[in-house]
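Just a sequence and a predicted model for now, questions to come.
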Amino acid sequence: MQCVAASSRAVQIPLGAWPEDSLRLACVPFAFFLHSLAGVLFGVLGPLQFVLALRLRFAALHRLAGSVFVLSGMGLGFSVLALLLRVGSLSTVLLEAARGVFGVAMMVALVRGV
């Protein structure tokens, strides 16, 4: 369900139609758009990397999807840091710190995995 919501946001944001629950993110439209688009790509391409038939029959497509997966993961990490630094929080400091640590840890894991 989140993938559908993120993909609809990825279409709404460039058109200037902000979702009701995301009006506070209007101050950082590029970071929010990047976060939504990268989240959709990351969520869709990640599981495809484990499909054996894709790896065996379409190796070039598998490598391309893997590269896009890593780039979208890096985009997610950078965009979450930008959102954390620029947008006022509605949650606790502990949750914001956990989001920041997770974003950095995800980028480190992607770099080490490549």
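The structure has been received and is ready for your questions.

can we go C-alpha only for contacts and neighbour counts from here?
Noted.

Correct me if wrong: residue 25 contacts residue 87.
Yes: using Cα atoms under 8 Å, residue 25 is in contact with residue 87, at 6.6 Å.

Of these two, give the one with the bigger neighbour count.
Of the pair residue 25 and residue 87, residue 25 is the one with more neighbours under other Cα atoms under 10 Å, namely 18 against 13.

What count of nearby residues applies to the nearest residue to residue 81 once chain neighbours are set aside?
Of all residues not flanking residue 81 in the chain, residue 100 sits nearest, at 6.2 Å (Cα to Cα, 6 or more residues apart in numbering). When counting by other Cα under 10 Å, one arrives at 20 neighbours for residue 100.

mind checking pLDDT for residue 100?
Listed pLDDT for residue 100 reads 91.

cool, and residue 44?
94.

Which strands or helices does the helix or strand where it lies pack on?
Using DSSP states H and E, residue 44 falls within helix 29-48. Where contact means 3 or more Cα pairs under 8 Å, 6 or more residues apart in numbering; DSSP states H and E, helix 29-48 is packed against helix 2-15, helix 59-86.

what element comes up after that helix heading to the C-terminus?
Using DSSP H and E, the helix or strand that directly follows helix 29-48 along the chain is helix 52-57.

Quick one: mean pLDDT for that following helix?
91.

for that helix, packing partners?
Looks like helix 52-57 contacts helix 59-86 (3+ Cα pairs under 8 Å, 6+ apart).

how much distance is there from the helix it packs on to the middle of the chain?
Between the centre of helix 59-86 and the centre of its chain there are 6 Å (Cα atoms, centre = their mean, to the nearest Å).

Identify each buried residue in that helix, please.
Buried residues in helix 59-86, defined by neighbour count with 16 or more other Cα atoms under 10 Å: 62, 65-66, 68-83.

helices or strands up against the very next helix or strand once past that helix?
With elements assigned by DSSP H and E, the helix or strand that comes after helix 59-86 is helix 93-113. Secondary-structure packing of helix 93-113 (3+ Cα pairs under 8 Å, 6+ apart): helix 59-86.
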